[in-house]
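J.: give me the fold of what follows.
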Amino acid sequence: MNQSTSFFPYHFDRRTQPLLRLIGVRADRDGVRLDGEQLLASFGVLNMGTPIANVAEASVTGPYSALKAIGPRLSMADHGLTFGTTGRRGVCLRFDQPISRVVGPWDHPGLTLTVADPERLVAALAERSL
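T.: Below is the predicted model of the structure:
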């Protein structure tokens, strides 16, 4: 199993990057890290972490409605969380055990991350879960 650290930056749309920067999301530091056996995601002041072994499913999804995809979002339907920087595409993660709440009153059974290379993140997660 590969135990090195991998970084997956978010994809930023030219129009939304200045808005996201106002809430502390920065292209030079925020994104998804696979660090040993941990998945870590930062989005401005918001952070989450879980063992990679807790990821039950990872799939490429999108496109999304920009109004529903940009910024930190909580789904009222399923309590899933989104760290969104674009409406283009991202990676939808479903967890075996919900992660501790980041926003809102509920723990999160899923997380959508709009990384620049969704296929590479999905492949890296699959490789580390072998």
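J.: where exactly do the strands run in this protein?
T.: Taking DSSP state E as the test, the strands found in the chain are 5-9, 31-35, 38-43, 46-51, 55-61, 71-74, 81-84, 90-99, 108-113.
J.: got those as TSV, with mean pLDDT, mean neighbour count and distance to residue 121 columns?
T.: The C-beta positions use only the backbone N, C-alpha and C, and glycine is treated the same way. Compiled in TSV, those are given as follows (pLDDT from 0 to 100; neighbours: other Cβ atoms under 10 Å; distance: least, Cβ to Cβ, whole Å):
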stretch	mean pLDDT	mean neighbour count	distance to residue 121
strand 5-9	95	15	5
strand 31-35	97	20	6
strand 38-43	98	21	9
strand 46-51	98	16	14
strand 55-61	98	15	7
strand 71-74	94	18	19
strand 81-84	96	26	12
strand 90-99	98	19	5
strand 108-113	98	21	7
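J.: and those: which comes nearest residue 119?
T.: Evaluated over the strands of the chain, closeness to residue 119 peaks at strand 55-61, with 6.1 Å, by Cβ to Cβ.
J.: what residues does the closest one touch?
T.: 39, 89-96, 112, 118-119, 121-122, 125-126, 129 (Cβ atoms under 8 Å, 6 or more residues apart in numbering).
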